[in-house]
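Colleague: coords please:
(one chain, ligands or ions: 1)
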Amino acid sequence: HPPASWAFLAWLRRPSVQIAPAEPEEHNAPAKAMPQDMQKADEDNAISVIGDYLKELGAAGGEDSSDEEDMEDEATTPSKAESDRKAMPPPPPIFKKPALPAAATPTPPAPESTPTFNLEPSEDNSIPSFPAANSAQRASGGRGPPRLNAVPQVQPPLRSPTASLMSPPMRSPLPNRNPTSSSSLGSGLAPPPTHSAIPSKPSKKVLLTPGHSPLDWARLTSSPSENLRGVPANMPYLRVPPSLLKQMTGRKGKDAWTVLGGKVYNITPYLPYHPGGEPELMKCAGRDGTRLFGEVHPWVNYEGMLESCMVGIAVAEGDVPGKGGLEEMD
Ligand code: HEM
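Modeller: Numbering: from 1, shown residues only. Modelled structure (predicted):
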C-alpha cells in the first residue's frame, strides 16, 4: 500500500469531494474511465472499489517495482497507475535541503548534455580542457559545461537533517599549552614541560672528525692500556698550585690542564672529542674552568668522562709538600 493510496483514500472520504471529469486534452481513456466509475459508487462502496483498484494497480506496476520500472511502463503502455496519478491531488511539497551558496553548488548541467565536470581551477575566460572544443557537450548549450567546486570553502560537510539541528560540536578555542593545568593531568596535545623542548640558544655543537665521537672517547677511556694523564702512569696524583697550572696551557709543547671542582685534568687527549669544539675547551686551559664549564653545560658528568685524565688536585700556592704526592691527603 503505497502512501499515495492512503492519501487518495482520505481525499475520497472528504464530504465535498468532487472528482472532476478529466480534461480530454490532458487525460487518456483509462484516466477518464476510472473517476467516472468512482462517481457512480457511493462513499462506502468507494472503499471496496479502491481496494480492487489498488490490487489492479499492484498487478500492473509490480509488487516492488522501482521508479525506473514505473517510468518504463508509463513510457510504453499508459496504465491505470498513470491515470490514477493524474486524478490525484498534487502531492505535498517535497522537503528540499537548503540551497548551498552559489560558490559551493555545482552548476546544473544542460538538460540534453551528459554531465561533465572540470576540476581544474580555471578562469572564466579561459577554455577548460574538457569537454573538447568540438565536442557535443560544448555545442549542446549556451550555459557551457558545468563546473564542480572540488571543495566547498565555507560550507561544512552536510549531515543528516537531525544532525543539522544539533548545536555545533564543542571546540576549544586555543590549544592549552599551560603546563600547570594540562601537563600534570597528562591530557591535551601540549608538549610536556622540559628544559630542552625550546632551546634558549642555538646549538654550538661542532662536527667531530671521524673516530672522535663520544662513544669513541668512552671506549678510549675504558681501555686500561691507555695513559691519558700525560704523566708517568705510576706517578701518584699531584698537588697542583696555580703557578704550575698556568704553565699547562697546551702550548709550547706542553699539555693543557684545567681545574674542575678542585681536580686537575689533562684535557689534551679530549680536545678532538669535545662536542663544543677545541677552541671552546681551550678557553679553560691553564686555569680553573669550573665556572665556565658550569655556564655552558652543568649537566655534563665531567668526573666520569675525564677520570682517566686526572693528574692531581688544585692546591693553594705554597701548600705543596716536599714530594708533591697525594697519598698523604688520602
Ligand atoms: C673540560 C671539560 C669539558 C668537558 C668534559 C666537556 C664536555 C662536553 C660535552 C659532553 C658536550 C656535549 C653536551 C651535550 O651534548 O649536551 C659539550 C658541549 C659543549 N661544550 Fe663542553 N666540555 C668541557 C669544557 C667546556 C668548556 C670549558 C667550554 C667553554 C668554554 C665548553 C663549551 C662547550 C660548548 C659550547 C658545547 C656545545 C653545547 C651545545 O651547544 O650543545 N666545554 N661539552
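Colleague: and for the closest residue to K283 other than its chain neighbours, the neighbour number?
Modeller: In space, and not counting its chain neighbours, K283 is closest to L292: 6.1 Å by C-beta to C-beta, 6 or more residues apart in numbering. The way it works is simple: take the backbone N, C-alpha and C, and place the C-beta from them, glycine included. Counted by other C-beta atoms under 10 Å, the residues lying close to L292 total 15.
Colleague: hang on, L292 in a helix?
Modeller: Yes. According to DSSP: H, G, I helix; E, B strand; the rest coil, L292 belongs to a helix.
Colleague: thought it was touching C284?
Modeller: Yes. Look at L292 against C284 with C-beta atoms under 8 Å: they come within range, at 5.2 Å.
Colleague: can you list the domains in this protein?
Modeller: 3-87, 214-314 (automatic domain parsing).
Colleague: and the pLDDT for the residue in the stretch 201-330 of the chain positioned nearest to the ligand?
Modeller: Closest residue of the stretch 201-330 of the chain to the ligand, C-beta to the nearest ligand atom: G276 (2.4 Å). For G276, the model assigns a pLDDT of 97.
Colleague: which residues does it contact?
Modeller: Applying C-beta atoms under 8 Å, 6 or more residues apart in numbering, one finds that G276 lies in contact with K204, K205, V206, V296, H297.
Colleague: among those, which ones are in helices?
Modeller: V296 (DSSP state H).
Colleague: now do the helices in the stretch 201-330 of the chain.
Modeller: 214-221, 242-247, 278-282, 290-296, 302-305 (DSSP state H, counting those that start in this stretch).
Colleague: confirm for me that L245 is in contact with R287.
Modeller: Yes. Contact status for L245 versus R287: in contact at 6.5 Å, counting by C-beta under 8 Å.
Colleague: next, show the common contact partners of those two.
Modeller: Joint contacts of L245 and R287 (C-beta under 8 Å, 6+ apart) are V259.
Colleague: more neighbours: those two, which one.
Modeller: Taking neighbours as other C-beta under 10 Å, L245 and R287 compare with L245 leading, 20 against 16.
Colleague: got the residues of the stretch 151-300 of the chain near the ligand?
Modeller: Contact residues, the stretch 151-300 of the chain versus the ligand (C-beta under 6 Å from any ligand atom): 203-205, 258, 267, 274-276, 280-281, 283-284, 289, 292-293, 296-297, 300.
Colleague: shaky segments in this structure?
Modeller: 1, 16-51, 53-54, 57-79, 91-129, 131-188, 191-200, 321-330 (pLDDT under 70).
Colleague: list the contacts for T258?
Modeller: Taking C-beta under 8 Å, 6+ apart, we find T258 in contact with V264, Y265, I267, C284, A285, G286, R287, D288, G289.
Colleague: so where do the strands sit in the stretch 201-330 of the chain?
Modeller: 238-240, 257-260, 263-266, 287-288, 310-314 (DSSP state E, counting those that start in this stretch).
Colleague: any idea how far the closest residue to V206 other than its chain neighbours lies from S203?
Modeller: Leaving aside its sequence neighbours, V206 sits nearest to G277 (C-beta to C-beta, 6+ apart; 4.0 Å). Counting by C-beta to C-beta, to the nearest Å, the gap from G277 to S203 is 12 Å.
Colleague: now swap in A190 and tell me
Modeller: 24 Å.
Colleague: give me the more crowded residue out of the two.
Modeller: The neighbour count for A190 versus S203, taken as other C-beta under 10 Å, is higher for A190 (14 against 8).
Colleague: so the more buried one: helix, strand or coil?
Modeller: Secondary structure state of A190, per three-state DSSP, is coil.
Colleague: which parts of stretch 295-302 are buried?
Modeller: By neighbour count on 16 or more other C-beta atoms under 10 Å, the buried set for stretch 295-302 is Y302.
Colleague: got it, and stretch 2-19?
Modeller: S5, F8, L12.
Colleague: residue contacts, Y270?
Modeller: If you count contacts by C-beta under 8 Å, 6+ apart, Y270 has them with W217, L281, M305, L306, C309.
Colleague: where's A10, which helix or strand?
Modeller: Using DSSP states H and E, A10 sits in helix 3-13.
Colleague: which other helices and strands does that helix contact?
Modeller: helix 43-61 (3 or more C-beta pairs under 8 Å, 6 or more residues apart in numbering; DSSP states H and E).
Colleague: count the neighbours of the nearest residue to L220 once chain neighbours are set aside for me.
Modeller: Leaving aside its chain neighbours, L220 sits nearest to E226 (5.9 Å; criterion: C-beta to C-beta, 6+ apart). Neighbour count for E226, taken as other C-beta under 10 Å: 13.
Colleague: surely E226 is in contact with R219?
Modeller: No. The pair E226 and R219 does not pass the contact test of C-beta under 8 Å, sitting 9.7 Å apart.
Colleague: report the contact partners of G289.
Modeller: Neighbour list for G289: T258, V259, L260, K283 [criterion: C-beta under 8 Å, 6+ apart].
Colleague: how close does the third one get to P214?
Modeller: In other words, L260. 18 Å.
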